[in-house]
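S.K.: attaching a predicted model along with its sequence, questions to come.
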Amino acid sequence: MKKILLTFFVVMLHAFSLFSQEIWSLSDCIKYAFDNNIQIQQQKLNSVMANHDLWQSRAALLPSINASASHAYNFGKTIDMYTNDFATARVQSNNFYISSSMTIFNGFQLLNTVKQKMIEQEAAAYDIEKIQNDIALAIATAYLQVLFSYEYLEIKTNQLEISKQQVRQTQMLVDAGTLPMASLYSIEAQSASEELQYVNAENQLNMAYLSLAQLLDLPSVQGITISRPEIDITTMTVPAYTPEFIYNTALQIQPEILSAELKLNSAQRGLSIARAYTLPNLSLRGSYGTGYSGASREVKDFIITGQTPIGVTQSLEVVYGPVFEYITEVQPFKDQISDNLNSSIGLYLSIPIFNNLQARTAINKSRILIENSRLNLQSVKNQLNKNIQQASADAVSAFNRYLASEKAVKSFEESFNYMQERFNLGMLNTIDYNDAKTKLDNAKGELLQAKYEYIFRVKILDFYMGKPISL
C-alpha cells in the first residue's frame with residue numbers, strides 16, 4: 001500500500017511539473033517585457049510627468065486666486081491700520097484677504113509654453129515606443145539564439161550517436177581482425193571529442209535560456225521553455241527592398257526619428273519663450289478684504305465731569321463749556337468686518353529695460369539648444385541609415401553563405417556516406433573517416449549559423465519597415 005501511495009505521489013508531482021512548465025512564444029516574451037521591464041516603466045512615468053507639465057502649462061492661462069487670514073496681537077506703541085490712531089496697549093487684529101491676478105499679455109509666453117509641453121508629451125510617447133523596440137529586438141535576438149542552440153544541440157546529438165555506432169562497429173571489426181586496435185582507439189577518441197562538443201552545445205543552450213530570462217527580468221530560468229515554430233526557409237531570397245527604400249520608409253515611422261524631430265520643434269518653441277522676456281507684460285489684478293482691530297472703539301455714552309473755559313465775550317466775560325467723559329467700548333467684530341471692507345482692481349504694465357542680460361542669455365542658450373537638437377536629429381538619422389545598410393549587407397551575405405553552405409552540406413553528406421560504407425567494410429582507415437565526418441559537421445554548423453543570421457537580419461529589415469517582430 002505504501003508503494004502504491006509513493007508511486008501515485010511521484011506521478012502527480014511529475015504531472016504538476018509538466019503543467020507548470022510554461023511555453024513561451026516570441027510574442028509572449030515581448031509582451032511580458034513590455035509589461036514588466038523597468039526601463040519601460042520608468043519611461044512611462046516620464047510620459048506621465050510630461051502630461052502633468054502640459055496640464056500645468058494650460059492652467060497657467062487661467063486666473064490665479066489666493067486667500068489669506070491672520071490673527072495677531074501687538075504690544076507697545078503702534079499705529080492702528082483701521083483707526084489711524086496711536087495704540088499703546090495690547091491690540092488684537094484680524095485680517096481676511098482674497099486676491100486674483102491674470103496675465104493678459106506676456107509676449108505669448110504662456111501660449112508657446114503650452115505648445116512646447118504638447119510637443120514634449122508627444123515626444124515622450126515616442127520615447128516609450130523606442131525603448132520597446134530596442135527591447136523587442138534584444139529579445140528577438142536572444143530568442144533566435146535559443147532556437148539556434150536547440151538545432152545545434154540536435155546536430156551534436158546526431159553526431160555523437162553516429163560516433164557511438166561507429167565505436168561499436170569498429171569494435172566488431174577489430175574483434176574480427178579486419179582493423180587494428182589503433183583504429184578503435186582513434187574512433188573512441190573521436191567519440192569522446194564529440195561528447196565534449198555535445199556537452200558544450202548543451203551548456204550553450206542553457207546560457208541562451210539564461211540570457212533570455214535575464215532580458216525578461218525573470219527571477220530564475222527555471223520553468224521557462226520557448227516554443228519552436230516551424231520556420232520556412234524554402235522561400236529564402238535576397239531582400240526585396242533596397243536599403244535606400246527601407247531608410248526612406250523608416251524615416252516616416254521609426255519613433256527615434258519622430259522623437260528627435262519633436263524635440264527640435266520643442267527647442268524652437270523654447271526660443272520663442274525666451275524672446276518673450278524682452279516684451280512688455282500686462283496683467284490684471286484685483287483684491288477684496290476686510291479686518292478687525294481691537295483699537296477701534298465706539299462711543300456708547302458720556303457724562304459731564306465739569307466745566308472748562310472755551311472763550312470770552314466782547315465784554316470780557318469768560319464763557320464756559322462742559323467737560324465730557326466718553327464711555328467707549330471696542331467696536332463689535334461683525335460691525336468692523338462690515339465697515340472695513342475694501343476692494344481694488346487695476347491693470348499693471350511691466351516693461352523690461354535692463355535685466356542683467358538674463359533675457360539675452362536665455363535667447364542665446366535657446367539658439368544653442370536648437371542647433372544641438374538639429375545635430376541630434378541628424379545623428380539619429382545617420383545611425384538609422386548605418387543600421388539599415390549593415391542589416392541589408394548582412395542579410396545578403398548570410399543568404400549567400402546559406403546557399404554555399406547548403407551545397408557544401410549536400411556534397412559532404414554524399415562523401416561521408418560513401419566513406420562510411422567503406423569504413424564499415426574495413427576498407428577505410430579512421431583518419432580519413434574522421435576527416436570526412438568533421439568536414440560534414442562543420443558544414444552543418446555553417447549552414448545553421450547562416451540560416452539564423454539571415455532570419456535575424458531580415459526581421460530587422462522588416463522591423464524598420466514597420467512590421468511587427470514575429471516568427
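M.R.: Structure received. Numbering: from 1, shown residues only.

S.K.: and residue 294, how many neighbours does it have?
M.R.: A count of nearby residues for residue 294, using other Cβ atoms under 10 Å, gives 19. All C-beta spots, glycine's among them, are computed from the backbone N, C-alpha and C.

S.K.: name the nearest residue to it, ignoring sequence neighbours.
M.R.: Distances taken as Cβ to Cβ, 6 or more residues apart in numbering place residue 92 nearest to residue 294, at 3.9 Å, with adjacent residues excluded.

S.K.: ok, now how distant is residue 78 from residue 433?
M.R.: 115 Å (Cβ to Cβ, to the nearest Å).

S.K.: name the residue in the two with the higher neighbour count.
M.R.: Neighbour count, other Cβ under 10 Å: between residue 78 and residue 433, residue 433 has more, with 22 against 14.

S.K.: tell me the secondary structure for the more buried one?
M.R.: The three-state label given to residue 433 by DSSP: H, G, I helix; E, B strand; the rest coil is helix.

S.K.: distance check, it against residue 203.
M.R.: Per Cβ to Cβ, residue 433 is found 28 Å from residue 203.

S.K.: the residue nearest to residue 294 falls within a strand, correct?
M.R.: Yes - assessed by three-state DSSP, residue 92 belongs to a strand.

S.K.: number of nearby residues for it?
M.R.: Using other Cβ under 10 Å, residue 92 has 14 neighbouring residues.

S.K.: for the one 10 residues further on, same thing?
M.R.: The burial count assigned to residue 102 is 13, neighbours taken as other Cβ under 10 Å.

S.K.: any idea how far the nearest residue to it once chain neighbours are set aside is from residue 433?
M.R.: Spatial nearest neighbour of residue 102, excluding adjacent residues (Cβ to Cβ, 6+ apart): residue 63 at 3.9 Å. Separation of residue 63 from residue 433 (Cβ to Cβ): 93 Å.

S.K.: what's the answer for residue 363, then?
M.R.: Per Cβ to Cβ, residue 363 is found 81 Å from residue 433.

S.K.: next one: residue 209
M.R.: Counting by Cβ to Cβ, the gap from residue 209 to residue 433 is 35 Å.

S.K.: then residue 358?
M.R.: Taking Cβ to Cβ, one finds residue 358 at 85 Å from residue 433.

S.K.: residue 44 too?
M.R.: 61 Å.

S.K.: residues in contact with the residue nearest to residue 102?
M.R.: Contact analysis of residue 63 by Cβ atoms under 8 Å, 6 or more residues apart in numbering lists 100-102.

S.K.: would you list the phi and psi of it?
M.R.: phi -60, psi 150 (degrees, to the nearest 10).

S.K.: same deal with residue 350?
M.R.: The phi and psi values for residue 350, taken as degrees, to the nearest 10, are phi -120, psi 120.

S.K.: buried set for the helix or strand hosting residue 245?
M.R.: Per DSSP states H and E: residue 245 is located in helix 243-253. For helix 243-253, the neighbour count (16 or more other Cβ atoms under 10 Å) marks 243, 246-247, 250 as buried.

S.K.: who does the next helix-or-strand element following that helix touch, helix- and strand-wise?
M.R.: Using DSSP H and E, the helix or strand that follows helix 243-253 towards the C-terminus is helix 255-275. Using 3 or more Cβ pairs under 8 Å, 6 or more residues apart in numbering; DSSP states H and E, the elements in contact with helix 255-275 are helix 109-175, helix 358-424.

S.K.: how about the ones you listed, which one is nearest residue 298?
M.R.: Closest to residue 298 of those is helix 109-175 (Cβ to Cβ; 48.9 Å).

S.K.: chain center to the closest one, what's the gap?
M.R.: Taking Cα atoms, centre = their mean, to the nearest Å, one finds helix 109-175 lying 21 Å from the centre of the chain it belongs to.

S.K.: return the residues in contact with residue 291.
M.R.: Residue 291 makes contacts with 81-82, 93-96, 336-337, 340, as judged by Cβ under 8 Å, 6+ apart.

S.K.: residue 122 too?
M.R.: residue 262.

S.K.: what do you get for the one 4 residues further on?
M.R.: In this structure, residue 126 makes contact with 255-256, 258-259, 262, judged by Cβ under 8 Å, 6+ apart.

S.K.: how far away is the residue lying closest to residue 372 once chain neighbours are set aside from residue 136?
M.R.: Take residue 372 and drop its neighbours on the chain: the residue closest to it by Cβ to Cβ, 6+ apart is residue 267, 7.7 Å away. Using Cβ to Cβ, one obtains 29 Å as the distance from residue 267 to residue 136.

S.K.: please apply the same query to residue 369.
M.R.: Residue 369 is 31 Å from residue 136, by Cβ to Cβ.

S.K.: and residue 388, by the same measure?
M.R.: Residue 388 is 17 Å from residue 136, by Cβ to Cβ.

S.K.: these two: which has the busier surroundings?
M.R.: Taking other Cβ under 10 Å, residue 388 and residue 136 do not tie; residue 388 has more neighbours (25 against 20).

S.K.: surely that one meets residue 250?
M.R.: Yes - with contact defined as Cβ atoms under 8 Å, residue 388 reaches residue 250; the gap is 6.6 Å.

S.K.: which neighbours do the two share?
M.R.: Common neighbours of residue 388 and residue 250 (Cβ under 8 Å, 6+ apart) are residue 464.

S.K.: if we can go back for a sec, show me the contacts of residue 63 that map onto strands.
M.R.: Judged by DSSP state E, the subset of these located in strands is 100-102.

S.K.: show me where pLDDT drops low in the stretch 51-200 of the chain?
M.R.: 82 (pLDDT under 70).

S.K.: hang on, residue 308 in a strand?
M.R.: Yes - the assignment for residue 308 by three-state DSSP puts it in a strand.

S.K.: neighbours of it, how many?
M.R.: 9.

S.K.: list the beta-bridge partners for it.
M.R.: Applying DSSP bridges to residue 308 gives these bridge partners: residue 321.

S.K.: any idea how far it lies from residue 314?
M.R.: Counting by Cβ to Cβ, the gap from residue 308 to residue 314 is 21 Å.
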